[in-house]
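Novice: pasted the sequence and its predicted model underneath.
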Amino acid sequence: MTDDVRVLFVEDDPTVAQMYKLKLELDGYAVQVAGDGVLAVQMATGCPPDIIFLDIRLPKMDGMGVLEALRQDERTRDVPVVILSNYSERVLVERGLRLGALDYLVKSQTTPARVAGGVPAWLKS
């Protein structure tokens, strides 16, 4: 099942993106990385992935803007999005979930293994 699952990982820090990309690939997922919000929307709408991991603080367009754009496009409206951010403010978490994110993970409280391990459950929801 994992062979066919395409992941879009949206993260502007190349070190963080590479760390998660490696773990997800080791677990059998096909991973693309977008380093800014505009590129993320282009990649997601051009070839919708099966799941998107989305940072909030991004160049060109922030994660909330990306999420809004994805939810307004019929090609990406139903793609599961999990926010992965350094910010844990309740207002941001609530806004992300209200905009349609499945989950909101704080980077300091999670690991690449937890993210990769959660993919099957997020894909089912």
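Specialist: Sure, I can see it.

Novice: helix/strand/coil for the residue nearest in space to the middle of the chain?
Specialist: The centre of the chain sits closest to Phe53, judged by CA atoms, centre = their mean, with a distance of 1.2 Å. Secondary structure, DSSP: H, G, I helix; E, B strand; the rest coil: Phe53 is strand.

Novice: contacting residues for it?
Specialist: Val7, Leu8, Phe9, Val10, Glu11, Tyr20, Val81, Val82, Ile83, Leu84, Val115 (CB atoms under 8 Å, 6 or more residues apart in numbering). Heads up, the C-betas are built off the backbone N, CA and C, glycines and all.

Novice: swap in 6 Å and give it another go.
Specialist: Neighbour list for Phe53: Phe9, Val82, Leu84 [criterion: CB atoms under 6 Å, 6 or more residues apart in numbering].

Novice: the second one: helix or strand, and which one exactly?
Specialist: Going back to what we said before, that points to Val82. strand 81-85 (DSSP states H and E).

Novice: following that strand, which helix or strand comes up?
Specialist: The helix or strand immediately downstream of strand 81-85 is helix 90-98, counting by DSSP H and E.

Novice: tell me the angle that next one makes with strand 81-85.
Specialist: Going by axes from the mean of the first three to the mean of the last three CA atoms, to 10 degrees, helix 90-98 is angled at 160 degrees with respect to strand 81-85.
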